[in-house]
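Novice: Here you go, sequence then predicted model.
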Amino acid sequence: MESFKYLEQEGNTYYLKAQKGLLYSLTFGCVASIVAILIYSTSKATFLYVAILAIVGLLCILRTTGIIIFDSLNREIQRKRFFFSKPVNYSFDDFDHFLIAKQKSYFITILVQALMVMRKDNKTRHILLAQTLFTAKPLQRLSDEISTIMGLPQY
């Protein structure tokens, strides 16, 4: 039985671990910014700033409730963006490729995202797997673990 760093196994089902640390840190930053704005701002747009930061913080908290399930027995991927959203099912056969996208600023990698590109009903769908700051190595390991689960050839 193989152990995975980024996935939890229950039988033939694998659950992608949520990035709660990153998302809770962003939420805490939004709350701290809201408090600072409410205390120190004298602008007429204070309400707008607070509303935008509150929405971003709420979306970060909701994102921690999302789940991606890999069922290797049925060869199926199930994705729920938030706890109240409807699950979307993909077949392993819908898988096209992994995409690791880097955002750089002045030669410094700022944000890296790992995506699964799926082709379902002749439409391209992107599934966000994880995000990191400054390095792509963990996301490469994540895509290797998922390709192992899906039975894709290793290079």
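Specialist: Received it, and whenever you're ready, just let me know what you need. Predicted model, so just to flag it, every value in this text is computed and none were measured.
Novice: alpha carbons only for contacts and neighbour counts from here, please
Specialist: OK.
Novice: For the protein, identify the residue most remote from the centre.
Specialist: Among the C-alpha atoms of the chain, the one most distant from their mean position (C-alpha atoms, centre = their mean) is that of residue 42, at 36.3 Å.
Novice: Can you name the element that comes right after the longest helix along the chain?
Specialist: Taking DSSP state H as the criterion, the chain has its longest helix at helix 20-40. On the C-terminal side of helix 20-40, the nearest following helix or strand under DSSP states H and E is helix 46-63.
Novice: Give me the residues contacting that next one.
Specialist: Applying C-alpha atoms under 8 Å, 6 or more residues apart in numbering, the contact partners of helix 46-63 are 23-24, 26-28, 30-31, 33-34, 37-38, 81-83.
Novice: Would you mind listing the buried residues in it?
Specialist: In terms of neighbour count (16 or more other C-alpha atoms under 10 Å), helix 46-63 has its buried residues at 49, 50, 53, 54, 56, 57, 60, 61, 63.
Novice: I'd like to know how many residues surround residue 105.
Specialist: Residue crowding around residue 105 was assessed by other C-alpha atoms under 10 Å; the count is 9.
Novice: now swap in residue 149 and tell me
Specialist: Other residues lying near residue 149 total 19 when counted by other C-alpha under 10 Å.
Novice: Is it located within a helix, as I assumed?
Specialist: Yes: the assignment for residue 149, made by DSSP: H, G, I helix; E, B strand; the rest coil, places it in a helix.
Novice: hang on, isn't it packed against residue 72?
Specialist: Yes: proximity of residue 149 to residue 72 meets the contact threshold set by C-alpha atoms under 8 Å, at 6.6 Å.
Novice: what's the average pLDDT for stretch 103-118?
Specialist: Mean per-residue pLDDT for stretch 103-118: 88.
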